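*Asks:* pasting a predicted model and its sequence here:
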Amino acid sequence: MRPTPDQALDERTLTVWKIAAAIGSILYFVFPAAYWGALKFWEFPDWIFYALIFVAILFALINIFFIQKLQWSRWRYKIYDNEVELMHGVFVVRRVIIPMIRVQHVDTRQGPIMRYYKLASVTISTAATTHEIPGLSLEKAGTLRDHIAQLAREADPNE
Amino acid sequence: MNDWKRQHPASIFISFINNVKQMIITFIAIFIFGQSQTTGSFYYLIFFGAILLFSIGSGFIGWWKFKYILRQDELQIKQGLIFRKNRFIRKDRIQSIDINAKLLQRLFGLVEVRIETAGGGNEPEFRIVALRKEEAEQIKKQLLKKYKMKTKLESDEQSVNNEDFNEKLPKEEEEEFYSSDGTETKEYQLEEVSEDMEEEEEKKPEYQWELGNRRLFVAALTSSGVGIAATFIAAIMSQAPQFLPDWLFESVIGWFLESSVLLIGGTIVFVLLTAWLFTLVGTLLKYGLFKLTKIKDEIHISRGVIDQRQLTLNASRITAVRIVQSPLRQLFRYVSVYVESAGGGTKEEDLSTVLIPLCKRMDVPEILNQIIPDFAFTPTYEGIPKESLRRYMIKLIVPPVVVAGVATYFLPYGWIAFVLPIVGAVIGYFQYKSAGISLHKEFLCIKSRVISKTEVFIPRKRIQDMESTQNVLQKLDQLYTIHVSVLTSMMGKTFSLRHISLSQIEKGHMWYSYQEEFLQSADKKTSTDL
């Protein structure tokens, strides 16, 4: 039985995700807004408008305080000498194995919120796919990137 | 040879027609929706006129501004009026050169040259649309000659070519060459190599496979495009009334309303028959004259009656083999074989290439043994756990039940839709029965079915990553889905098998892992904690 990976993401990532989710939650309010617009033209019952707002707020709260947290706590990765393993997901649990010899390049990248919190994500690209470790402290992301790049360079191409 | 050259002027016409072909859908849409407003027709005319003029203009500019030149070790191409593009195609980067004669080109006795290069971002291939045949052959010869000479020189200097795909062919030649006369001067060598090349070109192919008329006909009869063609024809027929005179339309409708269910059934049968005839002819034209030859490491495929296509694949670049069997073909044990390869592949075929359009399943290992011997084996599949059966069936039963429920409520005779869940259940059962996984030495083999049964053979060293997923429902039964990705031209492709057991996924991980301790199940740890 293969052990599950044990490295977690940086704690500040959760904060970043919460903020991102809060921004994303604006989308939920499109429906009440549209309904409110419709009220100007037709005579629909008012209470649906309030119900929609309530639902939107509820969804946003669940997303921000519950789902993001679960997602964050389920994220695990591990760097072995010959492969990278990632494991994450709440409703669908994904587990990926990327051999070092298949790694084509490694990047670190940052969004504006991540930059504020001094975080970065590491993306690992193979010839066919790209995977991401989505939130590590800046220094750690840097060392991880260099470490993976080093291992990928050293990996035996004849394997 | 050292002048800038243009394509044959017919390329203006060819690119114009291609433009029109692309716009034809827009034309039809506007035509149909524009029918009701007769006042606007004048503007439509101007609009179309403008578009046509523009196409001709752009075709002309495209021809005028497209120039190519063959230099010592590269092909240089200039194109574009406003956005100018200057491309240098280095000869030692060229993977293959195909000369196609499509319908439009054949009208003028011309050919299209397709040059494929290794890697290279968004545009791995390059086309010269219209050339005289002799000129195309000349270019091909020139480029291939230089290509071999170049790699020869590189190996002389003992520089390592990292493109492991290219390596095999030149190396073999090198050995041949040295055994004959290794002491000559370099300049003399160059000529020698190019002569070698010409000799090689005339060399007999190692293996040849032809589709033949009988198999072509069976392929056409059993082709599965019927469904698509039927919808297409039905769509056209539903639009037809708009083009017919009113009196005819009315009398047809009247006649239709008076007539029996039998007649409606007859119409459906007629539509299907026509559709089938269309796909039959389509397949005949597409795969007619299909011939596969193998010369050294290269697989050449030529096919097509009207659109003559030529494809070149490098056997060492094949990343997966797919054996597909539609239910109709399954009855007669016929299959078709596709290959995924890094480079090559056409958009129409989902970026893979038809290696064998049709043959008996039992003949596949034998044919593959001649073309790509690594893939020539018959795996023994391990079925998936019986808990998966309900996963496969429920997925295909629940949505149709909902649809049927809605249909029953709203439509007369809607209850007939309850046939759908039954069909779904049957398909689900067969999907379960077909599913299987096998770890055959260095190959992962996956057998699965959507409607057609597909077997995929993927070598371990071609698998870019392995992924397992488990959703909430799968968790109840301890089932997993396995995904593996391989490189195909331009992008990756992922093959999956749903609902396999824990032990199967563990075995898969163990087989794929590059970490020794997981291979030998020893529990020493050499991981770096970062």
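*Replies:* Perfect, thanks for sending it.

*Asks:* from chain B, how far out is the spatially most central residue of chain A?
*Replies:* Taking CA atoms, centre = their mean as the criterion, A:P134 is the residue nearest the geometric centre of chain A, at 5.3 Å. From A:P134 across to chain B, the span is 15 Å (CB to the nearest CB, to the nearest Å). (Each C-beta comes from the backbone N, C-alpha and C, glycine too.)

*Asks:* one more: A:E154?
*Replies:* Counting by CB to the nearest CB, the separation of A:E154 from chain B is 12 Å.

*Asks:* equivalent analysis for A:P32, please.
*Replies:* The spacing between A:P32 and chain B, counted by CB to the nearest CB, is 27 Å.

*Asks:* okay, and that residue sits in which element?
*Replies:* helix A:30-39 (DSSP states H and E).

*Asks:* now for that helix, which elements pack on it?
*Replies:* Packed against helix A:30-39, as judged by 3 or more CB pairs under 8 Å, 6 or more residues apart in numbering or on different chains; DSSP states H and E, are the following elements: helix A:47-62.

*Asks:* and the helix it packs on, what does it pack against?
*Replies:* helix A:30-39.

*Asks:* re the thing from before, quick check, the residue nearest to the centre of chain A in a strand?
*Replies:* Yes: with the criterion set as DSSP: H, G, I helix; E, B strand; the rest coil, the secondary structure at A:P134 is a strand.

*Asks:* beta partners for the closest residue to it other than its chain neighbours?
*Replies:* Across the structure, with CB to CB, 6 or more residues apart in numbering or on different chains as the measure, the residue nearest A:P134 apart from its sequence neighbours is A:S121 (4.6 Å). Per DSSP bridges, the residues bridged to A:S121 are A:R109.

*Asks:* ok, B:T267 to chain A distance?
*Replies:* With CB to the nearest CB as the criterion, B:T267 and chain A are 43 Å apart.

*Asks:* what backbone torsions are found at whatever residue of chain A ends up closest to chain B?
*Replies:* Nearest residue of chain A to chain B, counting by CB to the nearest CB: A:A128, 2.5 Å away. Reported as degrees, to the nearest 10, the phi and psi values for A:A128 are phi -110, psi -30.

*Asks:* and if you look at B:K296?
*Replies:* Its backbone dihedrals place B:K296 at phi 50, psi -120, with angles given as degrees, to the nearest 10.

*Asks:* and for it, the neighbour number?
*Replies:* Taking other CB atoms under 10 Å in any protein chain shown as the criterion, the count of residues near B:K296 is 15.

*Asks:* surely it is in contact with B:E206?
*Replies:* Yes: under the contact definition of CB atoms under 8 Å, B:K296 touches B:E206, with a separation of 7.3 Å.

*Asks:* identify the residues contacting the residue nearest to A:P134.
*Replies:* A:S121 sits next to A:T108, A:R109, A:Q110, A:M114, A:E132, A:I133, A:P134, A:G135, A:L136, A:A141 when contact means CB atoms under 8 Å, 6 or more residues apart in numbering or on different chains.

*Asks:* who touches the helix holding A:P32?
*Replies:* Here helix A:30-39 makes contact (CB under 8 Å, 6+ apart) with A:F44, A:D46, A:I48, A:F49, A:L52, A:I53, A:A56.

*Asks:* what is the burial count for the nearest residue to the first one once chain neighbours are set aside?
*Replies:* By that I understand A:F44. In space, not counting the residues next to it along the chain, A:F44 is nearest to A:A38; the distance is 6.3 Å by CB to CB, 6+ apart. The local packing count at A:A38 equals 12, with neighbours defined by other CB under 10 Å.

*Asks:* what pairs with the residue in chain B that chain A sits nearest to across the strands?
*Replies:* Proximity to chain A, evaluated over chain B using CB to the nearest CB, is greatest for B:G492 at 2.5 Å. Counting by DSSP bridges, B:G492 forms beta bridges with B:L487.

*Asks:* same question for stretch A:48-57: list its buried residues.
*Replies:* Neighbour-count burial for stretch A:48-57, with 16 or more other CB atoms under 10 Å in any protein chain shown as criterion, is recorded at A:F49, A:L52, A:I53, A:A56.

*Asks:* do stretch A:75-94 as well
*Replies:* Applying a neighbour-count criterion of 16+ other CB under 10 Å, one finds A:75-80, A:82-90, A:93-94 buried in stretch A:75-94.

*Asks:* ok, which of those residues also contact chain B?
*Replies:* With CB under 8 Å from any CB of the partner chain as the criterion, the subset of these in contact with chain B comprises A:K78, A:I79, A:Y80, A:N82, A:E83, A:G89, A:V93, A:R94.

*Asks:* mind checking the longest helix of chain B?
*Replies:* With DSSP state H applied, the helix covering the greatest number of residues in chain B is identified as helix B:261-287.

*Asks:* so what's the residue of chain A closest to chain B up against?
*Replies:* For A:A128, the contact set (CB under 8 Å, 6+ apart) comprises B:Q464, B:D465, B:S485, B:V486, B:L487, B:T488, B:M491, B:G492, B:K493, B:T494.

*Asks:* could you say what helices and strands the longest helix of chain B packs with?
*Replies:* In terms of contact count using 3+ CB pairs under 8 Å, 6+ apart, helix B:261-287 is assigned the packing partners helix B:212-221, helix B:226-239, strand B:353-360.

*Asks:* appreciated, that's everything.
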